[in-house]
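Student: here you go, sequence then predicted model.
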Amino acid sequence: MAWTFESVLVEWRGPAPYVFAPLPRDLTDDVKDAARGLAYWGQIPVTATIGETRFDTAMWPKDGRFLLPVKAAVQRAERIDVGDPVTVAVRLPGEIG
């Protein structure tokens, strides 16, 4: 399965600051169902694309939805930061695309 969604980048400060693209709540159940058997510690591995940059990561559950971590290298390559709107495509491992 693959999903494309619009998001606004947010920052969450844990042990280190991270930038995330929150998955829309209406996609959460779809993603959970499709990722059955792939999730580990609640995280779902995905290949994500923002702009021209494709990267592997894992979405984290938070407050009833998933957050997609956006690596610093992706932020630099796409010239994006907290507060910026982005179009994100995510797909589960093993999917062609």
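Tutor: Cool, got the structure.
Student: quick one: contacts of stretch 39-48?
Tutor: 31-32, 35, 38, 54-61, 66, 68, 88-93, 95, 97 (Cβ atoms under 8 Å, 6 or more residues apart in numbering). No exception for glycine: its C-beta is placed from N, CA and C like everyone else's.
Student: average pLDDT across that stretch?
Tutor: What stretch 39-48 shows for mean pLDDT is 89.
Student: ends of it, how far apart?
Tutor: 16 Å (Cα to Cα, to the nearest Å).
Student: where along this protein do the strands fall?
Tutor: 2-8, 10-13, 17-22, 44-50, 53-62, 65-69, 85-91 (DSSP state E).
Student: sorry, back to before: now the buried members of the contacts of stretch 39-48.
Tutor: When the contacts of stretch 39-48 are checked for burial by 16 or more other Cβ atoms under 10 Å, the buried set is 31, 35, 55, 57-61, 66, 68, 88, 90-92.
Student: looking at the strands of the chain, which is nearest to Gln75?
Tutor: Nearest of these to Gln75, taken as Cβ to Cβ: strand 17-22 at 6.2 Å.
Student: need the helix or strand of the chain with the lowest average pLDDT.
Tutor: For the chain, the helix or strand with the lowest mean confidence is strand 10-13, at a mean of 84 (criterion: mean pLDDT, DSSP states H and E).
Student: what are the contacting residues of it?
Tutor: With contact meaning Cβ under 8 Å, 6+ apart, strand 10-13 is reached by 17-22, 62, 67, 82.
Student: one more time with 7 Å
Tutor: 17-20, 22, 82 (Cβ atoms under 7 Å, 6 or more residues apart in numbering).
Student: quick check: Phe20 touching Val70?
Tutor: Yes. Phe20 lies in contact with Val70 (Cβ atoms under 7 Å); the separation is 6.4 Å.
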